[in-house]
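Trainee: Turn this into a model:
(chains A, B and C)
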Amino acid sequence: MGKNIDVILSGFGGQGLLFAGKIIAQAGLIEGRHLSWLPSYGPEMRGGTANCSVRLQDDPIGSPLITTPNVLIAMNQPSIDKFIDSVVPGGLVLVDSTLVPRIPERDDVTIIPVPSTELAEKHGFKKLSNVILTGKLFAETHFCEKEHLQEALVRCVPAKHADMLEPNKTALAVGMEL
Amino acid sequence: MAEKNKVVFQRPQSLLPVQTHYCPGCPHGIVHRLVCEAMDKMGMEGNTVGVAPVGCSVMAYDYFGCDMIEAAHGRAPAVATAVKRVHPENLVFSYQGDGDLASIGMCETVHTATRGENVSVIFINNAIYGMTGGQMAPTSLPNQVTQTSPYGRDVTTAGYPVRVCELLQSLDGVAYAARVTVDTPKHVRQAKKAIEKSFRYQMEGRGYSIVEVVSTCPTNWGMTPQGAFDWMRKNMLPYYPLGVYRDVVADGYPSIREAAAARAAECPIAQKGVE
Amino acid sequence: MSEKVLMKGNEALAAAAVRAGCRFYFGYPITPQTELAAYMSKKMPKIGGTFLQAESELAAINMVYGASSAGARAMTSSSSPGISLKGEGVSYMAGADLPGVIINVERGGPGLGSIQPSQQDYWQATRALGHGDFRMIVYAPSTVQEMADYVYLAFDKADEYRMPVMLLADGLLGQMMEPVVLPPEKKNLPDKPWATDGHKGKRSHNIINSLCLQADELERMLIERYKRYDRIEATEQQSEGFMLDDAEYVIVAFGASARIARSAVVQARAEGIKAGLLRPITLWPFPNDAIKQTIEHAKAYLSVEMNMGQMIDDIRLAVNGQRPVDFYGRSGGMIPTPEGTLDALKALVQKVGE
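Mentor: Numbering: from 1, shown residues only, chains lettered A, B, ... in the order given. I've put the predicted structure just below:
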């Protein structure tokens, strides 16, 4: 897989999917590439499955809505069940295996279970499974320069949560080294 | 002898010297004059913006000498709200009838009042739609015959009239609500004082105010002007008693803010930001 | 120039409106335009502006009417069902020659419909948002950058022509984030000697009004206003062409649909079909001139929309029977795909070729 990625990030609301998507988009902005970020919105946000589409490309972006992703990041069971069949052959699927007990099988895509919630808890930051998976995405695809992704993370952590910057950096590093 | 002449009455300067379209015997003319006298007394004509309604006084913009806006039916309070927000230093009033204010515009009326917008509302309640030819109004009395209640307002199907001052006085945003009429010189003087107080409170930033003028419609009621006032005194005033329904200053508060906080004394969050 | 930032379409639009000098925003919550109101509620108190959550859409548009009467740059935003309610006030603004900017971040209809993106309000925006003979300039952005650029322009055009101007977007453009460069803070806003802001004893009173009971007088005013509309039709048409110069098959699409159509054109060219895209940026005035320029080399037109087929009427009027015009669209909140668009284009090629 090259640098052109069409990622769907999906899970429960509150797992930080939109945030992870923003980090990826921000890295694209830093590199001056064409990009789009689109969240699902409406009642889905209330307890159901929330998802977000991020495209990072060399050419202008048509639809920001991704129907055939080449990357899927799934953080709960309903998400993997919903999107697994839409991933293009040769695509990449990252699954939070701590939270997804049943991982479907497909032999034409690369499915990588990552115990990211467990890893996050082990490092003492419970909610950063999303950032660990973002690090893992980088490790698998190198969709941008490493330092640009690190810079993107810094830009995405809001000033009022400055205390979360270091844990986020650590989580990204953990993911990158998996 | 000329030097001994003293002017005791004249057209207020802010009332334009034009012929109005109002029917003979219609109290609109009196109320227009009172509004203009209050404006002149404060020297505010050049800093006043009036908002005319839809209804009989739709063309009031041609009579008041201040800047005027003609609003959509019922929306005058929303328009007045924004005009005042843009120029808080200006005196802003709306002039509305009962259909405009209490029927189609009830939502805007209630919310402008509860926001405590610093505007004055002059409300003419004559219990009928005048301009469209005498239909039932939200303030038409039980059993009152109108074009659309030909057998008399049947409260079992048409419901009951709205008492606007009583309704609005419960809202925290209202600094002043008074009901007056203009059938006698004494009542006219009281009405003038109420309008002056409303304008003064507005310029002092005390909150929303409304002056309800119980009025008549000789044409659509099918009565002489004096006969209409008699009917009004006999039937309307008992249903819509004259008086002051809310006056935060008389209640001992500088403005709606302190009055509202005192009323919610047991609610800690409502005390934030109030001295 | 400010730096490139990542922003949601709704937020970029709000930020650009503020930079255009808008200090009065009146709104009422509705999905999918809520971020716009949220941005204004945060920003306005900090810059001495007014954010007011109105009691209804009716109140909100009439507050725009009031603020504009008083001489201020004012705006309201909503989504489809709420825009229907604003129709009354917009008609009054047109009748009273008041500027103002109205944002519609469309969703699926009719009725309560869906909250997903749609372009079902094309007719409403370009034909009859309210009662009476009147027009609005309607801008249809197709990127987050254009959300910012065209709302910025909308305020100038509204003041220039003294009329309501609409920005017609959709849930996709409102919710998505893209890189955007915000326009600079506007200085020196135009004087408005007609405004009702208090005559200070220095002029006769100003009146803002749409009532005119003399039929001949009202007709005369309408004829005058329509001269202005004629001028707008002659000078304000905007569109963008993509691979259009030699196009035999012209896709016409606006807003979010145009993004999808563009991808389809790229694919079609790769397969040897001489396709091109004409993207109307002003929906009124419709870019008739740009369409007419393509007729000579075009064999057929395909209107791609997120509705059951509305803009196709305007394309047919522009083409005036000289070429076939077909339609491909998805509705109800569904979004057309480049593949679906390409299939529709191929079907058209085959039909015309026969």
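Trainee: For chain C, give me its nearest residue in chain B.
Mentor: Closest contact between chain B and chain C, by C-beta to the nearest C-beta, is at residue B:82 (3.1 Å). Heads up, the C-betas are built off the backbone N, CA and C, glycines and all.
Trainee: gap between the spatially closest residue to that residue that is not a sequence neighbour and residue B:41?
Mentor: Sequence neighbours aside, residue C:66 is the residue nearest to residue B:82 in space, at 3.1 Å (criterion: C-beta to C-beta, 6 or more residues apart in numbering or on different chains). Counting by C-beta to C-beta, to the nearest Å, the separation of residue C:66 from residue B:41 is 26 Å.
Trainee: go on, residue C:123?
Mentor: 53 Å.
Trainee: Also residue A:66?
Mentor: Distance, residue A:66 to residue B:41, by C-beta to C-beta: 69 Å.
Trainee: Against residue A:170, how distant is whichever residue of chain A sits closest to chain B?
Mentor: Using C-beta to the nearest C-beta, residue A:160 is the residue of chain A that sits closest to chain B, at 21.2 Å. Distance from residue A:160 to residue A:170, counting by C-beta to C-beta: 20 Å.
Trainee: more neighbours, those two?
Mentor: More crowded of residue A:160 and residue A:170, by other C-beta atoms under 10 Å in any protein chain shown: residue A:170, with 18 against 7.
Trainee: residue contacts, the more buried one?
Mentor: A:123, A:125 (C-beta atoms under 8 Å, 6 or more residues apart in numbering or on different chains).
Trainee: Over to the one 5 residues further on?
Mentor: Going by C-beta under 8 Å, 6+ apart, residue A:175 touches A:114, A:116, A:131-139.
Trainee: and residue C:350, how far is that from chain A?
Mentor: Distance of residue C:350 to chain A, given as C-beta to the nearest C-beta, to the nearest Å: 24 Å.
Trainee: Which of the residues in stretch A:15-31 are classified as buried?
Mentor: A:15-31 (16 or more other C-beta atoms under 10 Å in any protein chain shown).
Trainee: Sorry, slip of the keys, the one I care about is stretch B:84-104.
Mentor: Neighbour-count burial for stretch B:84-104, counted by 16+ other C-beta under 10 Å, picks out B:84-87, B:90-104.
Trainee: The residues you listed also near chain C: which ones?
Mentor: When contact is defined as C-beta under 8 Å from any C-beta of the partner chain, the buried residues of stretch B:84-104 meet chain C at B:85-87, B:90.
Trainee: Surely residue B:16 is in contact with residue B:64?
Mentor: Yes. Taking C-beta atoms under 8 Å as the definition, residue B:16 is a contact partner of residue B:64 at 7.1 Å.
Trainee: The two: which is more packed in?
Mentor: Neighbour count, other C-beta under 10 Å: between residue B:16 and residue B:64, residue B:64 has more, with 25 against 18.
Trainee: which non-adjacent residue is nearest the more buried one?
Mentor: Using C-beta to C-beta, 6+ apart and skipping residues adjacent in sequence, the residue nearest residue B:64 is residue B:50, 5.0 Å away.
Trainee: separation between the closest residue to chain B within the stretch 251-354 of chain C and residue C:122?
Mentor: Nearest residue of the stretch 251-354 of chain C to chain B (C-beta to the nearest C-beta) works out as residue C:284 at 23.0 Å. Residue C:284 sits 10 Å away from residue C:122, going by C-beta to C-beta.
Trainee: burial of residue A:56, as a residue count?
Mentor: Counted with other C-beta under 10 Å, residue A:56 comes out at 25.
Trainee: Export whichever strand or helix holds it to PDB, keeping only CA atoms.
Mentor: Element membership for residue A:56 (DSSP states H and E) is strand A:49-57. Extracted as PDB, the C-alpha positions of strand A:49-57 are listed here (Å, rounded to 0.1, in the frame of the first residue of the first chain):
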ATOM      1  CA  THR A  49     -21.400   2.800  16.000                       C
ATOM      2  CA  ALA A  50     -19.600   6.000  15.100                       C
ATOM      3  CA  ASN A  51     -17.300   6.200  12.200                       C
ATOM      4  CA  CYS A  52     -15.100   8.600  10.300                       C
ATOM      5  CA  SER A  53     -13.700   8.600   6.800                       C
ATOM      6  CA  VAL A  54     -10.200  10.000   6.100                       C
ATOM      7  CA  ARG A  55      -8.800  10.200   2.600                       C
ATOM      8  CA  LEU A  56      -5.200  11.200   2.000                       C
ATOM      9  CA  GLN A  57      -4.300  11.500  -1.700                       C
END
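Trainee: Can you list the strands that it pairs with?
Mentor: When pairing is defined by DSSP bridges, strand A:49-57 lines up against strand A:5-12 (antiparallel), strand A:34-39 (antiparallel).
Trainee: any chance of those strands in JSON lines, plus distance to residue B:268, mean neighbour count and mean pLDDT?
Mentor: Conversion of these to JSON lines gives the following (distance: least, C-beta to C-beta, whole Å; neighbours: other C-beta atoms under 10 Å in any protein chain shown; pLDDT from 0 to 100):
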{"stretch": "strand A:5-12", "distance to residue B:268": "35", "mean neighbour count": "25", "mean pLDDT": "95"}
{"stretch": "strand A:34-39", "distance to residue B:268": "37", "mean neighbour count": "23", "mean pLDDT": "96"}
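Trainee: Let me have the ones you listed in CSV, extended by distance to residue B:118.
Mentor: Shown next, in CSV, are those (distance: least, C-beta to C-beta, whole Å):
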stretch, distance to residue B:118
strand A:5-12, 47
strand A:34-39, 41
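Trainee: Give me the pLDDT value at the residue of chain A most remote from its centre.
Mentor: Checked against the mean C-alpha position of chain A, the extreme residue using C-alpha atoms, centre = their mean is residue A:160, at a distance of 23.1 Å. Residue A:160 carries a pLDDT value of 91.
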